[in-house]
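Q: Sequence and predicted structure are below.
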Amino acid sequence: MVESDAKMFFDELESLGLDMSGGKDAVICDAFHQEIRPDCDWLQMGKYKQGTIAWIEGEEVKTIIGPPGWDPEVQRLNYATIEEAAKRLKYLRNDDNVQVFWDTVAEREVFVGRTQVPLDMLFQQAGAIVTANLRNPGSSPAPAEAAIELQRAIEMLETVVERAPDSWRAHWMLGKAWHALGKSELAFVSLSKAFELEKQESVIPRELCGICLELGRGNEAVRVSEHAIGLEPQNPELLGNLAIAHLIDGKHKEAETTIDAALKQNQNDPVNQALRRIITEVVKGRRTQPRNLFDLTGARKS
C-alpha cells in the first residue's frame, strides 16, 4: 500500500539473488499510476471492472486471483499522492503494522497497511521517551522506574539504525538513550557514529564531549569540543566545556585561558564562574586533580 515498502521488498528480493536489472525477474506494478516499473516485455497490467490486474504477456486471462474479500465490482481502496495525503490525513496511531489516520475531508478514520512499522514512527515514539528522560553529563542516571521505558526506546532505535544506518539523528538519539541509563561507553559508541556521519551539527560534538568527560577521556573531549566551537565560536557554554576538557586532560594553563575567554563573552554566567573557581583551586593545589566529570559534580556514575 506504500511505495517505500514495495521498494524495500524489491531490494530484499535482489539481495536474495534475483536479477532486478531492467525488470528481468521482478517489477513493481503501480495501480495508482497504472504503470509497471521498470518497463518489461513479459507482463501486462490494466483495469478490470473497478480493480487493477496484471497478467503474463500473451496469455489469455481465465482466472483472477486476489486477496480474501477482494471484489472487482467494488473499489474499496482510495489512492492519493504523498502531497494529497499530507494535506488531508492526520496521524492517530499504529495498530501493529497498520497506520491509522483521520481523513479531515471525509471525516473518518482511514487505514494504511505497512509491511513493517515505519521508521519515522519508531523514531518519534522512541524520541519522545528519550527526550522525557534526558540527563546532563555528570549527573546521576535515570531512576529505575524510567529504565524500562528507556530500554523499550533503545530497542526501537536499534531497529531504526539497523534499517537506516546512515541516519545520524537515529545514532544520536540512541546515544542519548544509553546516556540516560548511565551506559556511557555505549553512548560514546553511538554518538561517535553520529559525529562520523554529520560534522555540521554542533549538538553532536557538544554532547559527545560530555560523554568523553564522564569517561575521563580529556584529550578526546578537547578534540570534539574544539570542533563544536568552530561551528559556534561565540557560545560561552561550549568554551566552558572546552575548559573542563583541558582541566581533566591535565592542561591547566589551557583551562585557565579558555575559561577566561568564556567569561569575557558572559561574565555573569554562574556555571562558568563556578568552573573558574574550581580550576583555580586545582591549579593552587587546594583541590584534587579531577579524573572525570563525576569527580567535579560528585554524582554517582551508575
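A: All right, it came through fine. Residues are numbered from 1 along each chain as shown.
Q: And stretch 145-154, how far out from the chain middle?
A: Mean-position distance between stretch 145-154 and its chain equals 16 Å (CA atoms, centre = their mean, to the nearest Å).
Q: same question, stretch 215-231
A: Chain-centre distance of stretch 215-231: 23 Å, with CA atoms, centre = their mean.
Q: what comes up buried for that stretch?
A: By neighbour count on 16 or more other CB atoms under 10 Å, the buried set for stretch 215-231 is 215-218, 220-222, 224-229, 231. For every residue, glycine as well, the C-beta is placed using N, CA and C.
Q: what's in contact with that stretch?
A: If you take CB atoms under 8 Å, 6 or more residues apart in numbering as the criterion, stretch 215-231 is touched by 184-185, 188, 195, 199-202, 205-206, 208-209, 212-213, 235, 238-239, 241-242, 244-251, 291-292.
Q: residue boundaries of the helices in this structure?
A: Counting by DSSP state H, one finds helices in the chain at the ranges 3-15, 82-88, 119-131, 144-163, 168-180, 184-197, 203-214, 218-231, 236-248, 252-265, 270-283, 293-297.
Q: domain parsing for this protein?
A: What automatic domain parsing lists as the domains of the chain is 1-77, 80-116, 119-287.
Q: now the end-to-end length of the longest one.
A: Start and end residues of domain 119-287 are separated by 49 Å (CA to CA, to the nearest Å).
Q: rewinding a little: out of the domains of the chain, which gets nearest to residue 297?
A: With CB to CB, the closest approach to residue 297 among the domains of the chain belongs to domain 119-287: 3.9 Å.
Q: and residue 186, what does it touch?
A: Residue 186 makes contacts with 175, 178, as judged by CB under 8 Å, 6+ apart.
Q: lowest average confidence, helix or strand, in this structure?
A: When the helices and strands of the chain are compared on mean pLDDT, DSSP states H and E, strand 89-95 comes out lowest with a mean of 83.
Q: quick check: angle from that strand to helix 119-131?
A: 80 degrees (axes from the mean of the first three to the mean of the last three CA atoms, to 10 degrees).
Q: What ranges in the chain fall below the confidence cut-off?
A: Low-confidence segments of the chain (pLDDT under 70): 300-302.
Q: In space, not sequence, find me the middle residue of it.
A: Nearest to the mean C-alpha position of the chain, by CA atoms, centre = their mean, lies residue 170 at 2.0 Å.
Q: Distance check, that residue against residue 143.
A: 25 Å (CB to CB, to the nearest Å).
Q: what does residue 169 give?
A: From residue 169 across to residue 143, the span is 26 Å (CB to CB).
Q: quick one: which of those two has more around it?
A: Remark: of residue 169 and residue 143, residue 169 carries more neighbours, 18 against 8, as counted by other CB atoms under 10 Å.
Q: Next, format the helices of the chain as CSV and append distance to residue 72.
A: CSV is the format used below for those (distance: least, CB to CB, whole Å):
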stretch, distance to residue 72
helix 3-15, 21
helix 82-88, 25
helix 119-131, 32
helix 144-163, 35
helix 168-180, 42
helix 184-197, 48
helix 203-214, 53
helix 218-231, 59
helix 236-248, 64
helix 252-265, 71
helix 270-283, 69
helix 293-297, 67
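Q: what's across from the nearest residue to residue 90 once chain neighbours are set aside in the sheet?
A: Nearest residue to residue 90 in three dimensions, chain neighbours excluded: residue 102, at 4.5 Å (CB to CB, 6 or more residues apart in numbering). Judged by DSSP bridges, the bridge partners of residue 102 are residue 90, residue 109.
Q: quick one on the thing from earlier: drop anything exposed from the contacts of stretch 215-231.
A: Neighbour counting by 16+ other CB under 10 Å classes 184, 188, 195, 201-202, 205-206, 208-209, 212-213, 235, 238-239, 241-242, 244-249, 251, 292 among the contacts of stretch 215-231 as buried.
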